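Novice: Coordinates for the following, if possible.
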Amino acid sequence: MPGVTHDEAPLLADLMPWSVAPLRPGRGWPMGPDPASLKARWGALVRAGGQDREALFRPTRARTLHTAVAQLPGHSGGTGRLAKETGPCPEPVRVLHGPFDEQWLIPDHRLLDVARPELWRVAGEGQLFAVEQGHVPGSAGPAVLASAVLPDGRSPAGRPGRIRPLFRRPGGLEPNVTPGLLAHLSGLLGQEVTARALLAWVLAVGTGSAAGCRVPLTRDAGVWARGVELGQRLLRLQLRGDGERPKLPGGRRPYVRAPLPARPDALEYDAEDEVLRVGEDGVISPVPWEAWEYEVSGVRVVERWFARRTEPAEAGTLEAIRPPAWPQPWTSELLELITVLALLAELGPERAELASSLDAPLTAADLRAAGVLPVPGAARRPASVLDHHEEGPEGQFALL
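Specialist: Below is the predicted model of the structure:
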């Protein structure tokens with residue numbers, strides 16, 4: 001950044017101050033890439049009795065078959081003890097399991113060691129989540145990603161970041177932005193600055209550091225407009241189109257050239273021919289090198305996505321209940337993932353050019369001088385959002 005060192009740019013933690021640590025499920029079987037398998041796992045659990053049920057459940061200090069907990073906000077999972085559970089599986093919901101990997105989760109608080117109820121309370125229509133990626137020195141990839149579905153905050157390199165809801169209340173109300181920042185930027189730039197525009201700017205210019213994501217802010221209205229427009233394109237891609245599915249131009253669009261095998265066990269990439277081989281016989285092309293090499297926190301996204309669907313599970317566990325063959329929806333998801341990563345990679349040079357144009361950006365010291373920083377303590381805590389009853393342990397109502 002011309003005219004200022006990287007360490008002088010404000011931290012995302014000071015711009016979007018309320019954050020939540022990643023979820024800690026405590027067991028892998030309540031989450032997976034297809035909902036039918038999750039329902040089958042639940043069925044196997046409730047059919048089992050005694051010690052068999054306990055072994056399948058995999059108890060921890062936080063959760064056993066006798067733990068009584070409240071419902072997850074917004075979901076109707078049971079609150080009785082799992083040792084006596086005989087009912088149907090709660091309907092699985094979409095979640096983001098690490099970068100670019102939408103999976104399914106059984107939304108039952110009894111299954112999750114640390115579910116972060118405060119996130120579930122504000123999820124839903126109008127909400128977006130900024131997921132700060134764990135910093136790996138020298139690694140490529142974005143420092144922040146966005147999601148419309150609830151993210152678990154998992155980092156592919158095992159270094160957790162933070163989850164920052166864009167709004168503190170359900171329905172897109174009360175921006176999770178340091179008090180006074182939006183008004184200060186609006187006055188400085190001569191235009192209204194919204195919370196969503198700020199998120200777009202963060203996606204366009206945010207960079208990782210050992211202290212957390214840093215976000216240089218500009219005084220130039222033209223540069224701001226360019227950055228927000230670029231960030232909005234990044235946001236649409238990360239949300240998988242936000243209504244319209246992303247597409248590459250016709251001649252560059254990936255297709256299945258040879259059917260994928262029933263149980264693919266490996267990926268191989270041929271850079272010269274832009275071919276992705278899936279198992280022994282499956283072929284997808286063209287696959288741009290930039291999509292194959294796209295990394296977050298030093299881990300290739302496509303390889304990790306594939307591994308989560310094909311890594312062997314221990315026999316006799318609930319995790320071992322999986323589709324008998326590679327489902328067709330996974331192929332469609334893989335094609336879309338390749339498309340999204342290729343389009344994101346294309347925007348890399350534009351991001352670099354924008355960063356080089358940030359002359360005399362606002363520093364954290366500037367925000368302190370303007371009275372925007374330091375962040376008030378209340379802004380770092382969740383809002384009181386409860387406007388309805390939530391069922392507590394054993395069917396009692398929670399009073400919050």
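
Novice: And the most centrally placed residue in the chain, how close does it get to residue 28?
Specialist: With distances taken as Cα atoms, centre = their mean, the chain has residue 151 as the residue nearest its mean C-alpha position (3.9 Å). The gap separating residue 151 from residue 28 is 17 Å, by Cβ to Cβ, to the nearest Å. C-beta: built from backbone N, CA, C; applies to glycine.

Novice: Return the backbone torsion pair for the spatially closest residue to residue 128 that is not a sequence neighbour.
Specialist: Nearest residue to residue 128, sequence neighbours excluded (Cβ to Cβ, 6 or more residues apart in numbering): residue 166, at 4.3 Å. When read as degrees, to the nearest 10, the backbone of residue 166 gives phi -70, psi -30.

Novice: From residue 211, how far off is residue 166?
Specialist: 22 Å.

Novice: hmm, back to that, who does the nearest residue to the residue nearest to the centre of the chain once chain neighbours are set aside form a beta bridge with?
Specialist: Nearest residue to residue 151, sequence neighbours excluded (Cβ to Cβ, 6+ apart): residue 96, at 4.0 Å. Note on residue 96: beta-bridge partners by DSSP bridges are residue 102, residue 151.

Novice: Distance-wise, check residue 96 relative to residue 121.
Specialist: From residue 96 to residue 121 the distance is 17 Å (Cβ to Cβ).

Novice: the more surrounded of residue 166 and residue 211?
Specialist: Higher neighbour count among residue 166 and residue 211: residue 166, with 21 against 11, using other Cβ atoms under 10 Å.

Novice: Quick one: residues contacting that one.
Specialist: Contact analysis of residue 166 by Cβ atoms under 8 Å, 6 or more residues apart in numbering lists 16, 127-130, 172, 175-176, 195-196, 199.

Novice: of those, closest to residue 297?
Specialist: residue 130 (15.5 Å; Cβ to Cβ).

Novice: That closest one - that's part of a helix, no?
Specialist: No - applying DSSP: H, G, I helix; E, B strand; the rest coil, one finds residue 130 to be strand, outside a helix.

Novice: count of neighbours near it?
Specialist: So residue 130, with other Cβ under 10 Å, has 26 neighbours.

Novice: what's the helix or strand for the closest residue to it other than its chain neighbours?
Specialist: Leaving out its chain neighbours, the residue that sits closest to residue 130 by Cβ to Cβ, 6+ apart is residue 164, at 4.3 Å. Residue 164 is part of strand 163-165 when elements are defined by DSSP states H and E.

Novice: Quick one: the strands in the stretch 201-350 of the chain, in order.
Specialist: Counting by DSSP state E, counting those that start in this stretch, the stretch 201-350 of the chain has strands at residues 255-258, 267-270, 275-278, 282-285, 295-296, 299-300.

Novice: What is the least confident helix or strand in the chain?
Specialist: strand 397-398 (a mean of 48; mean pLDDT, DSSP states H and E).

Novice: Residue 110 in helix, strand or coil?
Specialist: Applying three-state DSSP: residue 110 is helix.

Novice: meant to ask about residue 191, not that
Specialist: Assignment for residue 191 (three-state DSSP): coil.

Novice: Now do it against residue 217, distance only.
Specialist: From residue 191 to residue 217 the distance is 14 Å (Cβ to Cβ).
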